[in-house]
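A.B. asks: Provided below are the primary sequence and the corresponding predicted coordinates.
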Amino acid sequence: MYKGKSEIKSKVKARIRQRIRKKIRGTSERPRVYVFKSNSYVYAQVIDDERGAVLATASTLEKDFKAKNKNTKNKGACEVLGRILAGRLKEKKIDRIVFDRGIYPYHGRIKMLAEAIRKEGLVF
């Protein structure tokens, strides 16, 4: 039986996520920064996997972000988002993280986000 393309794509993405999550774990000392990228927006969460808790979030939909940048889906927007997230992590006294790129390759918007977090002094 033939399956629809969307069903096949979602299964492939799920396998990629599982493969990456086998290797990456967030702890209270080094939480995991997970990135989700849609066609219009970028979302980032800082997760402690031991407790199953979200410690901080940032997205291109927030008022803080929109005050600094009007475009929500280019590399510059991801750089601003990385600075905002790094500032929130510094407030919580977190200086070491694990970066989880999700199903996305490490280039373009994802790379700009990671480099902006690094520039702010976080280590990963």
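C.D. replies: In hand now; what should we look at? Residues are numbered from 1 along each chain as shown.
A.B. asks: now residue 90, what's its secondary structure?
C.D. replies: Secondary structure for residue 90, judged by DSSP: H, G, I helix; E, B strand; the rest coil, is helix.
A.B. asks: what does the model give the nearest residue to residue 58 once chain neighbours are set aside for pLDDT?
C.D. replies: Distance criterion CB to CB, 6 or more residues apart in numbering; nearest residue to residue 58, sequence neighbours excluded, is residue 85 at 4.1 Å. Yep, even glycine has a C-beta here, placed from its N, CA and C like the rest. At residue 85, the model reports a pLDDT of 97.
A.B. asks: which residues touch residue 85?
C.D. replies: By CB atoms under 8 Å, 6 or more residues apart in numbering, the contact set of residue 85 is 33, 44, 46, 56, 58, 117.
A.B. asks: can you do 7 Å?
C.D. replies: 44, 56, 58, 117 (CB atoms under 7 Å, 6 or more residues apart in numbering).
A.B. asks: can you list contacts of the lowest-mean-pLDDT helix or strand in the chain?
C.D. replies: Least confident helix or strand, the chain: helix 63-68 with a mean of 90, by mean pLDDT, DSSP states H and E. Surrounding helix 63-68, the residues in contact under the criterion CB under 7 Å, 6+ apart are 80-81, 84.
A.B. asks: Could you do stretch 21-34 as well?
C.D. replies: By CB under 7 Å, 6+ apart, the residues outside stretch 21-34 that reach it are 44-50, 55, 94, 96-100, 102.
A.B. asks: Name the member of these with the most neighbours.
C.D. replies: The member of these that has the most neighbours, counting by other CB atoms under 10 Å, is residue 44 with 24 neighbours.
A.B. asks: Name the nearest residue to residue 51, ignoring sequence neighbours.
C.D. replies: Take residue 51 and drop its neighbours on the chain: the residue closest to it by CB to CB, 6+ apart is residue 28, 7.0 Å away.
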